[in-house]
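**Student:** Pasting the sequence and the predicted model now:
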Number of protein chains: 2
Amino acid sequence: MPGMKAHVWVMLKSTVLDPQGQTIHHALSSLGYTKIHGVRQGKFFVLELNGMSQDDAKKQVEKIAREVLTNPVIEEFRYEIVS
Amino acid sequence: MPGMKAHVWVMLKSTVLDPQGQTIHHALSSLGYTKIHGVRQGKFFVLELNGMSQDDAKKQVEKIAREVLTNPVIEEFRYEIVS
């Protein structure tokens, strides 16, 4: 199946402090955006896949997300396959 | 409306070189993931909103994404409001 893509989101676990998000939150507050009550920042990856079945794509992307893109000590991930 | 969230994706424009994505792509190739034909890395933000109508939320998040989270010279964004 040509032209498949995968989207992977990698976020700090909710128990882990997010200084980047906090910095943005403070900046927004001081700019007058007082109804924003929290900001978390994460990473987003788009992978281009070729010549793979939907099933293979899922397995491979999950493995890549788990073993390459995510630090399991402090981060968690989710992914989707987009045709 | 309590408990609303906004998701914002900020990606390098497709015409802009993405060295982080390329590095990950090369790493994946050398790990044997040869069916991955490209990787782009972007940022993902989760904003917690409170006491806003859906319409106000849209306007405010679009403004924040445009003016604070995105560098319009090299990046583009999209967002969604999640109830």
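**Tutor:** Alright, I've got the coordinates. Residues are numbered from 1 along each chain as shown, chains lettered A, B, ... in the order given.

**Student:** And the longest strand along chain A, what does it pack against?
**Tutor:** The longest strand of chain A (DSSP state E) is strand A:36-49. Helices and strands touching strand A:36-49, as assessed by 3 or more Cβ pairs under 8 Å, 6 or more residues apart in numbering or on different chains; DSSP states H and E, comprise strand A:4-12, helix A:19-30, helix A:54-64, strand B:4-12, strand B:36-49. Bear in mind the C-beta positions are built from the backbone N, C-alpha and C, glycine included.

**Student:** Could you point out which of those sits nearest B:Ile74?
**Tutor:** For those, distance to B:Ile74 was read as Cβ to Cβ. The smallest value, 5.9 Å, belongs to strand B:4-12.

**Student:** just checking, what packs against the closest one?
**Tutor:** Packed against strand B:4-12 by the contact rule (3+ Cβ pairs under 8 Å, 6+ apart) you find strand A:36-49, strand B:36-49, helix B:54-64, strand B:75-82.

**Student:** at 10 Å what do you get?
**Tutor:** With contacts taken as 3 or more Cβ pairs under 10 Å, 6 or more residues apart in numbering or on different chains; DSSP states H and E, strand B:4-12 sits against strand A:4-12, strand A:36-49, helix B:19-30, strand B:36-49, helix B:54-64, strand B:75-82.

**Student:** so how far is it from its chain's centroid?
**Tutor:** A distance of 5 Å separates the centroid of the chain from that of strand B:4-12, by Cα atoms, centre = their mean, to the nearest Å.

**Student:** Which positions in it come out as buried?
**Tutor:** Neighbour counts over strand B:4-12 (16 or more other Cβ atoms under 10 Å in any protein chain shown) mark B:4-12 as buried.

**Student:** now do stretch A:37-55
**Tutor:** The neighbour-count check on stretch A:37-55 (16+ other Cβ under 10 Å) flags A:37, A:39-49, A:52 as buried.
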